[in-house]
Structure formats: structure tokens, C-alpha cells
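Engineer: kindly generate the corresponding structure for this input.
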Amino acid sequence: MDPADSLYLGLISGTSADGIDAALVSFDDGTPRLLLGLTHPWPEELRQQILGVAQGELPVDLDQLGRLDVAMGYGFAEAAKRVLDAAGVTPDRVRAIGSHGQTLRHRPTGRHPFTLQLGDASVIAEQCGIDVVADFRRADVAAGGQGAPLLPAMHAMLLGRPGEARVVLNLGGIANITCLGADGSVLGFDTGPANGLMDAWCARHRGEPFDRDGRFAGEGRTDEALLDTLLQDPYFALTPPKSTGREHFHLAWLDHQLAGHAVAPADVQATLLELSARSVADAIARHAPDTRRVLACGGGVHNRALMERLAVRLAPAALQSTASYGVDPDFLEAMAFAWLARQRLLGRPGNLPTVTGARGPRILGAIYSTSR
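Structural biologist: Take a look at the predicted model:
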């Protein structure tokens, strides 16, 4: 099977761990094209384990970690099989699965930087009968990079336009931006929270996994004193390359920031929404001031209130969904890991050193082969 022209399948569970995104992708002319995408939910008990470990709320020993890795591998395999069944595609037609896994810890700085994604790739390969490429981030970290974000190269391919400065904004649990300069330059980094804190606060106070259309936030008002406190976190002042995750911006962090502030729950939610919009807009103003157009993807595009606040904050730059350019905003990340799997099998680099800070281009991912 020619690795250049084959079908690939991409899998990822993002920072919010709200489900596994699966994307079946073709590369007939070298350009990724989504054939079918779906989101496979985590079993609720497993999702709570993932969130608890990722936020440091649950103590975990090596036995528990090993079992969690395998259980998550079965979850990713089930998501892959579901999208293949829905598309009517047999496993022998897919050259490889690119599985990002689920990030449980991301510490790209310090004496021994590391990043940890679980979801046993051997289980996925065995269950699906398809070769799997996984563990994409660690080669970049070993080369002195952040290991994130890894999507900017594909953002540039699909959404860049010579002569126009654009930003691709991914609104997952964490927000990240890809700054596509009019001259072809590419910069990318995590700006801070997008949906993650809002989801967690909504779950605590409303028992719902996310704030649909920002209705909970709409019941409150931004508390400017609290917003100022949140924006004092040193992460926002760091210069790129930089990346972050749930191990930093989580409920315990928020509870610490709330000390000394008597704020109603709805006002906290409104303030968290404003934090997401403000931190994104500030990052773009600082690092891509000539931006004419911001193209949004990720789950946050469905939060009407967040998109409205972003539009205000980003003006005069226009805010649009990537859907306006033929790219499904819900499955762009999963598509990227299909593309990264193809890059690995073709022996091509997957990172952009100008984005991650790595010492140079690196071929990313390890191959977990089946017997076929």
C-alpha cells in the first residue's frame, strides 16, 4: 500500500477529555481531505479518572497508570472502528492510524522536560488490525522543543494565503494560535485557557459538562478585579515558544485565584469567558498585530457567547469559522494526526522548529505494527 496515496485515520482526545475525535482522511493529491469525522464519548467513569489524574486530584500508582493506559487504548480503538464502520471502509484500506492519545501531563521546561500521552497504541493496532503511529510529541521535546503545538504546518497548508496575515485559532480546552504571516512566516503557541476552565466550573455548579452557548456566563457579569488577578498569572507574559495544559489551568488554580474575591458563580463563569477572549486577543495583538482574519476551530466555535466576545476583542480583524474555508472545525485536530502519521511513514518531519523551539526538524512518532 503506497503511504503517499492511502487513507489514514486520525485520533485525539483533547484537554477537555470530552470525547475522542476520529477523522478518516484521504491524501489523493497530497492535501488532506476529511472523508468522515465523528466523536466517540468516553465512558463517564473513565473520563472522571482521566480528568482526576490530569489535574492531580487523584493519586495514581504505577498499576493504576498501566491499567488506565490500556483502558484508554481500547477507547481509541473503539472510536477508530466506529468511524470505519460508519464510512463503510475496511481496515485493509487504511495505511495507518495516527493516535495522539490523551495528554495527562505536559512539562516541557525544567531540568528534565517531558510530555505524557496515554492510550496504548499496541492495543489500538491489535484491535483494529491497522498499523498505528503514536507518541508524536516526545521527539520534539527531546530536541529542546515544547512538543506543541503540532498543527501549524497543516494550518499553513490548508488555510494560509500569501499576501494576507491570518491567524488560525484552536479553541479546545486550551487555546492555541497559528500566526500565518503575509510573507509566509509561521508562529504558533498556546495562549491560555479556552473552554477547559469554563467546562470545569460549569460542571461544578450546574452539573453539566459544558456551558451550552455560554448561557451560564450570560447570567453573570465580568468581575474586573478577578479578571485582573487571573491575568497576572506569569504564563500570559511568557514569550513564545510556549505551551500549557490542564496541569496548570485547572480548578485548583482557579480556587487559589478566587481567594479574597467574593464572586457569584455566574459572575465567575462570565469572567472565565472574558479571560479566554482577552488572553487570545492580547496574544494576537502582541505577536501578530497585522492580522486581517482569524479562523476559528475546535469546540469553542459552538459557544456563541465566546465567539461574540472574541469578535469584539479581535476587531477590526474578522473572525470566522474554518468551516467558511471548507475545513470542518470539529475535526481539524484529528485530521492533523492523520497527516502526521503519513509524514512519519514517508520519513518527513512533522514539527516546525520556529513554532516549538526545537533544535531542528524532527520525524515524529513511533510505529506500532500489526502482523499484516
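Engineer: can we go C-alpha only for contacts and neighbour counts from here?
Structural biologist: Noted.
Engineer: so for the helix-or-strand element of the chain with minimal mean pLDDT, what gets flagged as buried?
Structural biologist: In the chain, no helix or strand scores lower on mean pLDDT, DSSP states H and E than helix 44-54, which sits at a mean of 90. Using 16 or more other Cα atoms under 10 Å as the test for burial, helix 44-54 gives Arg47, Ile50, Leu51, Val53, Ala54.
Engineer: secondary structure element for Trp339?
Structural biologist: Assigned by DSSP states H and E, Trp339 belongs to helix 332-345.
Engineer: repeat for Thr370
Structural biologist: Per DSSP H and E: Thr370 is located in neither a helix nor a strand.
Engineer: so it makes contact with Gln127?
Structural biologist: No. Using Cα atoms under 8 Å, Thr370 makes no contact with Gln127, being 9.6 Å away.
Engineer: who's in contact with the particular helix or strand that has Ala305 in it?
Structural biologist: In the assignment (DSSP H and E), Ala305 maps to helix 304-314. For helix 304-314, the surrounding residues in contact (Cα atoms under 8 Å, 6 or more residues apart in numbering) are 213-215, 217-218, 273-274, 276-278, 281, 300-301, 318-319.
Engineer: top of these by neighbour count?
Structural biologist: Counting neighbours by other Cα atoms under 10 Å, the top entry in the contacts of helix 304-314 is Leu273, with 27 neighbours.
Engineer: any idea how far that one is from Arg107?
Structural biologist: The gap separating Leu273 from Arg107 is 25 Å, by Cα to Cα, to the nearest Å.
Engineer: quick one on the thing from earlier: okay if I get the buried residues of helix 44-54 as JSON lines plus distance to Leu310?
Structural biologist: Listed next are these as JSON lines, based on distance: Cα to Cα, whole Å:
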{"residue": "Arg47", "distance to Leu310": "29"}
{"residue": "Ile50", "distance to Leu310": "30"}
{"residue": "Leu51", "distance to Leu310": "27"}
{"residue": "Val53", "distance to Leu310": "31"}
{"residue": "Ala54", "distance to Leu310": "28"}
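Engineer: out of these, which comes closest to Gly326?
Structural biologist: Among these, Arg47 lies closest to Gly326 (Cα to Cα), at 31.4 Å.
Engineer: isn't the closest one up against Thr15?
Structural biologist: No. At 11.5 Å, Arg47 does not count as touching Thr15 under the criterion of Cα under 8 Å.
Engineer: got the CA positions of the lengthiest strand in the chain in CSV?
Structural biologist: Ranked by residue count under DSSP state E, the longest strand found in the chain is strand 94-107. Output of strand 94-107 as CSV, limited to C-alpha atoms (Å, rounded to 0.1, in the frame of the first residue of the first chain):
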residue,chain,number,x,y,z
VAL,A,94,-6.2,2.3,5.8
ARG,A,95,-2.4,2.6,5.7
ALA,A,96,-2.1,3.8,9.3
ILE,A,97,-3.8,5.3,12.3
GLY,A,98,-2.3,8.4,13.8
SER,A,99,-3.2,8.5,17.5
HIS,A,100,-2.3,11.5,19.6
GLY,A,101,-3.6,9.8,22.8
GLN,A,102,-4.8,11.7,25.8
THR,A,103,-2.3,14.1,27.5
LEU,A,104,-2.1,13.5,31.2
ARG,A,105,0.9,15.7,31.9
HIS,A,106,2.8,18.3,29.8
ARG,A,107,6.0,19.7,31.4
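Engineer: helix 332-345 and that one, what's the angle between them?
Structural biologist: 110 degrees (axes from the mean of the first three to the mean of the last three Cα atoms, to 10 degrees).
Engineer: packing partners of strand 94-107?
Structural biologist: strand 7-13, helix 44-54, strand 114-118, strand 132-134, helix 332-345 (3 or more Cα pairs under 8 Å, 6 or more residues apart in numbering; DSSP states H and E).
Engineer: ok, Thr271 - contacts?
Structural biologist: So Thr271 contacts Ala217, Arg221, Thr222, Asp223, Glu224, Leu226, Leu227 (Cα under 8 Å, 6+ apart).
Engineer: so the second one is in which element?
Structural biologist: With secondary structure defined by DSSP H and E, Arg221 is part of neither a helix nor a strand.
Engineer: next one: the first one
Structural biologist: The secondary structure element spanning Ala217 is helix 215-218 (assigned by DSSP H and E).
Engineer: now that helix, how far from the centre of its chain.
Structural biologist: With Cα atoms, centre = their mean, to the nearest Å as the basis, helix 215-218 stands 24 Å off its chain's centre.
Engineer: toward the C-terminus, what is the element adjacent to that helix?
Structural biologist: Going down the chain from helix 215-218, the next helix or strand is helix 224-231, by DSSP H and E.
Engineer: please enumerate residues in contact with that next one?
Structural biologist: Taking Cα under 8 Å, 6+ apart as the rule, helix 224-231 contacts Gln257, Leu258, His261, Thr271, Leu272, Glu274, Leu275, Ser279.
Engineer: what pLDDT, on average, does the helix holding Ala217 get?
Structural biologist: Mean pLDDT, computed over helix 215-218, is 97.
Engineer: what of stretch 256-267?
Structural biologist: 95.
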